[in-house]
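S.K.: make a model of this:
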Amino acid sequence: MISLMLLLASGAPQAAASAPVPPAAPAERCMAMITAGDTVRLVETPQFKLLQGPQRLVLPKVGATISGVECVRDDIVPASGDIRLLLQHGLPLFIVAGQKVLVLSIVDGQVQVQMMRGVLDDGERVRIVTVLGEYEKQAGRQG
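M.R.: Take a look at the predicted model:
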């Protein structure tokens, strides 16, 4: 809007202004985790999207009991809506970004974040603390 106002103020023709390009949706590929004994199998669930999904999450039908969800993303930091999986279904979320793996779960009523592989940098740590604060507010509204 500012660039359009500047164009109009400078007398440039409106045709020179281009429509803003919406940001690309974050990349995400989620899979259902099926546990049988000591074996965990991943089942592709292309229709299941945590980042872009509705408020009420409906787990995909995979023909077995889902023990968790693994999502491959560009960013290791959980999104504000990820808490829905934990609160609505009690399932842990494994986020994979590059060589890092983070697990988001609820244990004894507390949201826990644990690195399974890799190390968080300072910026990621700060962003995760911010997201955990958002989760606390969301859980308070549901409780």
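S.K.: which SSE is residue 48 in?
M.R.: Following DSSP states H and E, there is no helix or strand that holds residue 48.
S.K.: swap in residue 96?
M.R.: Element membership for residue 96, per DSSP H and E: strand 93-97.
S.K.: and the next helix or strand past that strand?
M.R.: strand 100-107.
S.K.: tell me the buried residues in that next one?
M.R.: Residues of strand 100-107 classed as buried: 100-106 (neighbour count, 16 or more other CB atoms under 10 Å). Placement of C-beta: from N, CA and C, glycine included.
S.K.: show me what contacts the residue nearest to residue 104 when sequence neighbours are not counted?
M.R.: Of all residues not flanking residue 104 in the chain, residue 93 sits nearest, at 4.5 Å (CB to CB, 6 or more residues apart in numbering). By CB atoms under 8 Å, 6 or more residues apart in numbering, the residues touching residue 93 are 50, 68-71, 78, 82, 85-86, 103-105.
S.K.: helices - which of the residues you listed land there?
M.R.: The members of these that map onto helices under DSSP state H are 85-86.
S.K.: ok, the contacts of residue 93 vs residue 113, which is closest?
M.R.: For these, the closest approach to residue 113 (CB to CB) belongs to residue 104, at 5.8 Å.
S.K.: what bits of this protein have low per-residue confidence?
M.R.: By pLDDT under 70, the low-scoring segments of the chain are 1-26, 53-54, 139-143.
S.K.: for residue 34, give the beta-bridge partners.
M.R.: Judged by DSSP bridges, the bridge partners of residue 34 are residue 41.
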